[in-house]
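Trainee: the sequence and its predicted three-dimensional model are supplied below.
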Amino acid sequence: MSSALDGIRVIELCEVMQGPLAGQTLGDLGADVVKIERGPRGDMMRALDRDAADRGRMSAYFVALNRNKRSVSLDLKTAAGMKILHRLLARADVLVHNYRPAAVNRLGLSYEDLADRYPRLVYAGASGFGDHGPLAHKPGQDMLAQTVSGLARAVGDSRLNSYLNPTAQVDYASGMGLVQGILAALFERERSGRGQQVSVNLLDTALAMQMMEAAAQTMYGAELNWVSQWYGGTFETADGVVTVLGLFRDNAVGLLCTALEVDDLSARPDLATTELQARNREVANAVLAPVVARLTTEEALARFESVDLLCAPQLSLADALRQPQVVANDLLMEVGVAGEKPAQVIGYPVRMSRSPGEVRREVPALGQDTRNVLTELGLAAGEIDALAADGVIRLPATESPATIGPCVSGYPE
């Protein structure tokens, strides 16, 4: 059973999440992904995980995003390093990068620089705000995208008037969007024989995530909020917390009263309609919350489900990973980690019946595959050793006791 992207070669010039997620997904689907990392620390995600550093482990952040890749440590600020990169690009189908426009231009790696030289190359760029415009020069970050796109304001706090989701939701969405564009470009190349440029940015992605809200705003100036515009509640139970939603129900409060065997609050004038139930939810919840609090979570969910209300228990991430449905979905997978025991990580969430995503390569140490990749390019062992001696490449510690320099922070400059 072959993988969907067997034979596709990808060069990844990415750090943090947005680009590395795209590279990992292509690797999950069978592509040969070569990750180019800068010395002496490589992808900054290797160094950001303080918990891992305290334990002498590889960063969990890096492990989550970098399976199915080969790591090559290469200094692109040297002529020899750029020569090696171009030899890799000559054999590649896809280039993925998340450099800012100024850095791309300085390195001679813009789409315009490469399009004629490598006409079949799919050139995929991920950025914070786009390739052009007043914010193109700024470094991108998920929480900044939440802030400037309206996402943070959508879930407000009475004191801050905003809420930053600590999960990198925009990074994830833009990374997967980049994969979608790359796959479409590869498909189109089968007809045209030519590659093309594919671009995503965090700002556009964050706004696209609000497509219904944006349409309501542009069409008639309305603010759509799925939480506040329909009745819903979060209730403490005797042993946990449950969420109940009134979406797609004409009389959610009435259904809730039936489930809890209390007098029908929807008979009250201030709770008689769907709109009034949403507006006056605290009035209803003040009566219903003490009743729910006497029930266990299991009992409360059984009652709500008996009247066809949307409901679920609120779980911690640790509990969510252990729940039977996640086990049934086979979402967690074991991945090898260079130099230490395997780790359990979230796998590729898209199911394919004949060519599913799979783990083929462990998460690499920095520069782990440098020698093998350069040997494939035709370089002799002596040439590789000379490049290492000149600092153009960095071989792993098992091959070369390289001196570790200071950590370089920030997005690619």
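Mentor: Noted; the coordinates are in hand.

Trainee: setting the sequence-adjacent residues aside, check what's closest to residue 146.
Mentor: Of all residues beyond its chain neighbours, the one nearest residue 146 is residue 152 (4.6 Å), with distances taken as CB to CB, 6 or more residues apart in numbering. Every residue, glycine included, has its C-beta placed from N, CA and C.

Trainee: just the helices in the stretch 101-250 of the chain please.
Mentor: Under the criterion DSSP state H, counting those that start in this stretch, helices of the stretch 101-250 of the chain are mapped to 101-107, 111-114, 142-149, 151-154, 169-192, 202-208, 211-220.

Trainee: as JSON lines, these with distance to residue 323 would be great.
Mentor: As requested, the helices of the stretch 101-250 of the chain are exported to JSON lines (distance: least, CB to CB, whole Å):
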{"stretch": "helix 101-107", "distance to residue 323": "43"}
{"stretch": "helix 111-114", "distance to residue 323": "44"}
{"stretch": "helix 142-149", "distance to residue 323": "26"}
{"stretch": "helix 151-154", "distance to residue 323": "27"}
{"stretch": "helix 169-192", "distance to residue 323": "21"}
{"stretch": "helix 202-208", "distance to residue 323": "29"}
{"stretch": "helix 211-220", "distance to residue 323": "29"}
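
Trainee: in a markdown table, list the ones you listed along with mean pLDDT.
Mentor: A markdown table is the format used below for the helices of the stretch 101-250 of the chain (pLDDT from 0 to 100):
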| stretch | mean pLDDT |
| --- | --- |
| helix 101-107 | 90 |
| helix 111-114 | 97 |
| helix 142-149 | 93 |
| helix 151-154 | 87 |
| helix 169-192 | 98 |
| helix 202-208 | 97 |
| helix 211-220 | 95 |
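
Trainee: residue 344 is nearest to which of the ones you listed?
Mentor: Closest approach to residue 344 among the helices of the stretch 101-250 of the chain (CB to CB): helix 169-192, 18.9 Å.

Trainee: helices or strands up against that closest one?
Mentor: Packed against helix 169-192 by the contact rule (3 or more CB pairs under 8 Å, 6 or more residues apart in numbering; DSSP states H and E) you find helix 18-28, strand 94-97, strand 122-127, helix 142-149, strand 197-201, helix 202-208.

Trainee: surely residue 15 is in contact with residue 47?
Mentor: No: look at residue 15 against residue 47 with CB atoms under 8 Å: they stay out of range, at 10.7 Å.

Trainee: have a look at these two and say which one is more surrounded.
Mentor: Each of residue 15 and residue 47 has its neighbours counted (other CB atoms under 10 Å); residue 15 has more, 24 against 17.

Trainee: wasn't the more buried one part of a strand?
Mentor: No: counting by DSSP: H, G, I helix; E, B strand; the rest coil, residue 15 is located in no strand; its state is coil.

Trainee: what's the closest non-adjacent residue to it?
Mentor: Counting by CB to CB, 6+ apart, residue 15 lies nearest to residue 43, which is 4.7 Å off, once chain neighbours are set aside.
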